[in-house]
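Chemist: fold the following.
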Amino acid sequence: MKQTFRFSFLVIALAAMLSCNDQPSSKETTQTTETKQPGVKEEHISYNGDNITMKGFVAFDSSSDAKRPAVLIVPEWWGLNEYPKMRARELAKLGYIAMAMDMYGEGLVTDSPSTALKLATPFYEHPQKALTRIEAALAALKNFNQTDTGKIAAIGYCFGGGMVLNAARLGEPLKGVVSFHGSLVGTPANKDLLKAKVLVCHGADDPFVPKEEVDRFKKQMDSIKADYTFNAYPGAVHAFTNPNATEAGKKWNIPIAYNAAADSASWNDMKAFFDRIFK
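Modeler: Numbering: from 1, shown residues only. Take a look at the predicted model:
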C-alpha cells in the first residue's frame, strides 16, 4: 500500500527561516582523526545499501568479546559529523556496541541549513527510502561479533528522531527506538506493524514541534495501544541535547539551543528505557 506522508511543521518552519545568504558547504567525509576513550575501540566502516556506498562509525568496549545489545544512531540532518560519533562513544562506555550511520551516502555532511534541507527532504517525503538505508546500516551492525542480534535498538536526533519513529511505525523489528527532539507525525501508526517500544524525549518549548503535533502523535499511538513513553523537558527547545546547538542557532538565526539539564535527563531516561527493553 502506498504510504502517505505529511511534511512536519519542523521542515516547513526551517525552510521558511533559511536566509538568502545561506551558502552550501562543501562535501566532507568521515576520514578524520578520532580521540579515543580508554577501553573503547572505534572503527570507520564502509557498507553498501540502496545502491550507494555508506559510511559508519562503530564504537564498543574492547575489553570483552562478549555479545552485547546494539544501538544504531541516526544523526541530525547535518549528517554523520562529530556529534553522533560522540554519542556512539558514550554508548560504548555504557556497555553497548553503537553505530552512528550515514543516511546520505559517502559520509556527506554539511553545516548549512539549506543544504541539509535538500539532503533530508527525500527521506521526509519517502519514509521507505529512509527505512532502506536504516536496514542497510543495521545489517552492517549485525555483522560485528560483539552484536547480540536479538537485542537491537535505534536512537535518533532531530531529523534522525523522526526517521527512527518512522522505521518503527513501518514495522522494523527493533526492541525499541528513542527520538530526541525529533519530528513526531509521519507514517501512520499501525498496530499490525509497530513492534518496537518507543521513547520520545521532547523539548517542551520546541517551536518546531508544536502542541498540535504532540497531541496528534499521542492520539495516534493511543489509538493502537502502543507501548510508548513521552517525556517533555521544561525550558528545552529544539536540538537541546547537542552542545553545539546554541552556536549554530545564533549563526543561522534559528531557535535551537543546548539545554544541559534536559540533555542529562533525557540521557538518563534513555538508559532506563534500555534497561527495560534489553532485559
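
Chemist: all helices of the stretch 151-279 of the chain, in order?
Modeler: Using DSSP state H, counting those that start in this stretch, the helices found in the stretch 151-279 of the chain span residues 159-169, 211-223, 245-252, 260-277.

Chemist: off-centre distance for the third one?
Modeler: Chain-centre distance of helix 245-252: 20 Å, with CA atoms, centre = their mean, to the nearest Å.

Chemist: before we move on, what about the first one?
Modeler: When C-alpha coordinates are averaged (CA atoms, centre = their mean), helix 159-169 and its chain have centres 7 Å apart.

Chemist: with the last one instead?
Modeler: Using CA atoms, centre = their mean, we find the averaged C-alpha position of helix 260-277 to lie 15 Å away from the chain's own average C-alpha position.

Chemist: quick revisit: do you know which of the helices of the stretch 151-279 of the chain lies nearest F123?
Modeler: Across the helices of the stretch 151-279 of the chain, F123 has its closest neighbour in helix 159-169 (6.4 Å, CB to CB). Just so you know, the C-beta spots here come from the backbone N, C-alpha and C atoms, and that holds for glycine as well.

Chemist: and the closest one, what other elements does it pack with?
Modeler: When contacts are defined as 3 or more CB pairs under 8 Å, 6 or more residues apart in numbering; DSSP states H and E, helix 159-169 packs onto strand 68-74, helix 113-125, helix 127-142, strand 147-157, strand 176-180, strand 197-203.

Chemist: which of these is buried the deepest?
Modeler: Mean neighbour count (mean count of other CB atoms under 10 Å) peaks for strand 176-180 among these, with a mean of 28.

Chemist: alpha carbons only: can I get it in PDB?
Modeler: This file holds the C-alpha atoms of strand 176-180, laid out as PDB (Å, rounded to 0.1, in the frame of the first residue of the first chain):
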ATOM      1  CA  GLY A 176      12.900  -0.100  20.900                       C
ATOM      2  CA  VAL A 177      13.500   3.300  19.500                       C
ATOM      3  CA  VAL A 178      14.300   6.700  21.100                       C
ATOM      4  CA  SER A 179      13.600  10.000  19.500                       C
ATOM      5  CA  PHE A 180      15.500  13.000  20.800                       C
END
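
Chemist: for the record, mean pLDDT for that strand?
Modeler: Averaged over strand 176-180, pLDDT sits at 98.

Chemist: and for it, what's in contact with it?
Modeler: 153-158, 161-162, 164-165, 167-168, 196-202, 240-241, 266, 270, 273-274, 277 (CB atoms under 8 Å, 6 or more residues apart in numbering).
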